[in-house]
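# Task: produce atomic coordinates for the following.
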Amino acid sequence: MKFSKFGQKFTQPTGISQLMDDLGDALKSDQPVNMLGGGNPARIDAVNELFLETYQALGNDGSFREDINSTATSSMANYSNPQGDAAFIDALVGFFNRHYDWNLTSENIALTNGSQNAFFYLFNLFGGAFTDEKSESVDKSILLPLTPEYIGYSDVHVEGQHFTAVLPHIDEVTHDGEEGFFKYRVDFEALENLPALKEGRIGAICCSRPTNPTGNVLTDEEMAHLAEIAKRYDVPLIIDNAYGMPFPNIIYSDVTLNWDENTILCFSLSKIGLPGVRTGIIVAAPEVIAAVSAMNAVVNLSPTRFGASIATPLVKNDAIKDLSDNDIKPFYQQQAKTAVTLLKKELGDYPLVIHKPEGAIFLWLWFKDLPISTSELYETLKEKGTLIVPSEHFFPGVDISDYKHAHECIRMSIAADEDTLAKGIAVIGEVVRKLYDEAK
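Below is the predicted model:
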């Protein structure tokens, strides 16, 4: 059977497809697997209890009965329009205006079937073939101002890959008074001198905050500088808040969240504990929302309403923010501390450097001068029942063949229970110690 170029692109092996396949295989395995590789959020009792109460309330309200007067039934048994569930959008408008005074209206928000769906839309809206003022074709890229960046971005363009990326400054830093940490910072000199930016071959600038995979949080100064560059070159600044403010708010730095009509903010219900409901949120100028809605109509008819139904009352009464601030963020902050302690115990005398934990649900580990690539390390660890993600997949838009650092890091989830975390880190320690010892 022959596929089109479109089909061939999406059926070839990719980093994200390998990751999801391995996670699925692990879940089906009859052998124990230390799941430190995926992006699934942790099971937090307070989170699960609140969602269960809300879910049960939907059922009691008639969600699963033929009661056309039930608000919940309307949400579950009918399509929304392509923009998404109107009640949830109205609740989000009220929430963002209440907490940030952005003066949003319903024309500023659209829903998608998860963040991955949102970035498929946005990266194809702003990256790829354009027609310029002279009716000539121009290929434009999505500019990633700081790599490494999210594995799921790499392959979302319908045709080819359209990324331009900038490698980071790497600073050695302390964390909680300890040595052995580093932090990525935007190399603005390299960014401002990019030929693609100066020549009008950039369609949008995009960053995640906190960054998946590293947990790095761009400072307010870095964000302001990126916003100024985006306005200067008349391109939007897309910010991926899947782990950030205001929900799930897995972010430990003292930073602010800003929006204007040149900014596109993307949020998700996944990391607050609802990854299965596939609900993404885009806040943007009305023309972007109209475009996303049109794409929803073609690709999905309309976004799913189940997540919106659960989240609407929690957004209206600010329970989603209270849950994020008081349960979700503290949980992951403690998980990060536990994982760092375990890693230091296993590899304290070896050349491990940890990216400063500033947010998200991962640690980014740098094994300096590792004798093998982390893709090879990934395979070895998988054979020993421990899943991580190798760094090679996190550099879209960069030729990493001669960039040693890109082959020496791994992303490790800290969302597992403490026993799994300890067992997985013990396996990592055993394997990595042996690699260094045998290379001496």
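
# Please count neighbours and contacts with C-alpha atoms only from this point.
OK.

# residue ranges of the strands in the stretch 151-300 of the chain, please?
Assigned strands in the stretch 151-300 of the chain, in chain order: 163-165, 169-175, 178-185, 202-208, 237-240, 263-268, 280-283 (criterion: DSSP state E, counting those that start in this stretch).

# So which of those is nearest residue 352?
Ranking the strands of the stretch 151-300 of the chain by proximity to residue 352 (C-alpha to C-alpha) places strand 178-185 first, at 7.3 Å.

# For the longest helix belonging to the chain, which outside residues touch it?
If you go by DSSP state H, the chain has its longest helix at helix 418-439. With contacts defined as C-alpha atoms under 8 Å, 6 or more residues apart in numbering, helix 418-439 is touched by 34-36, 335, 339, 342-343, 346-347, 350, 370-372, 380-381, 384, 386, 414.

# Filter those down to the buried ones.
34-36, 335, 339, 342-343, 346-347, 370-371, 381, 384, 386, 414 (16 or more other C-alpha atoms under 10 Å).

# Give me the subset of these that lies in strands.
Using DSSP state E, the subset of those located in strands is 34-35, 386.

# what's the domain layout of this structure?
5-45+323-439, 79-320 (automatic domain parsing).

# where among these is the average confidence lowest?
Within the domains of the chain, the stretch with the lowest mean pLDDT is domain 5-45+323-439, showing a mean of 91.

# now it, how far from the chain's geometric center?
With C-alpha atoms, centre = their mean, to the nearest Å as the basis, domain 5-45+323-439 stands 15 Å off its chain's centre.

# quick one, phi psi at residue 332?
phi -70, psi -30 (degrees, to the nearest 10).

# give me every residue that touches it.
Neighbouring residues of residue 332 by C-alpha under 8 Å, 6+ apart: 250, 360-361, 414-415.

# Residue 220 too?
Residue 220 is in contact with 255-256, counting by C-alpha under 8 Å, 6+ apart.

# With respect to residue 214, which of the strands of the stretch 151-300 of the chain lies nearest?
Among the strands of the stretch 151-300 of the chain, strand 178-185 sits nearest to residue 214 (C-alpha to C-alpha), with 8.7 Å.

# Next, the angle strand 169-175 makes with the closest one.
140 degrees (axes from the mean of the first three to the mean of the last three C-alpha atoms, to 10 degrees).

# ok, strand 178-185: who's next to it in the sheet?
Applying DSSP bridges, strand 178-185 is found paired with strand 169-175 (antiparallel), strand 352-355 (parallel).

# Need those in JSON lines (columns: distance to residue 391 and mean neighbour count).
Below are the strands paired with strand 178-185 laid out as JSON lines (distance: least, C-alpha to C-alpha, whole Å; neighbours: other C-alpha atoms under 10 Å):
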{"stretch": "strand 169-175", "distance to residue 391": "16", "mean neighbour count": "13"}
{"stretch": "strand 352-355", "distance to residue 391": "13", "mean neighbour count": "22"}
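
# need those strands in CSV with distance to residue 397, can you?
Below are those laid out as CSV (distance: least, C-alpha to C-alpha, whole Å):
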stretch, distance to residue 397
strand 169-175, 17
strand 352-355, 22
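
# Which one of these lies nearest to residue 11?
That would be strand 352-355 among the strands paired with strand 178-185, by C-alpha to C-alpha, at 33.5 Å.

# Pull the closest one out as CSV, backbone CA atoms only.
The C-alpha trace of strand 352-355 is given here as CSV (Å, rounded to 0.1, in the frame of the first residue of the first chain):
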residue,chain,number,x,y,z
LEU,A,352,26.8,14.4,36.7
VAL,A,353,25.5,17.9,36.6
ILE,A,354,21.8,18.6,37.1
HIS,A,355,19.9,21.5,35.5
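
# coming back round to it: only the buried residues of the longest helix of the chain, if you could.
Within helix 418-439, judged by 16+ other C-alpha under 10 Å, the buried ones are 420-429, 432-433, 436.

# still on that earlier bit, mark which of the contacts of residue 332 are buried, thanks.
250, 360-361, 414-415.
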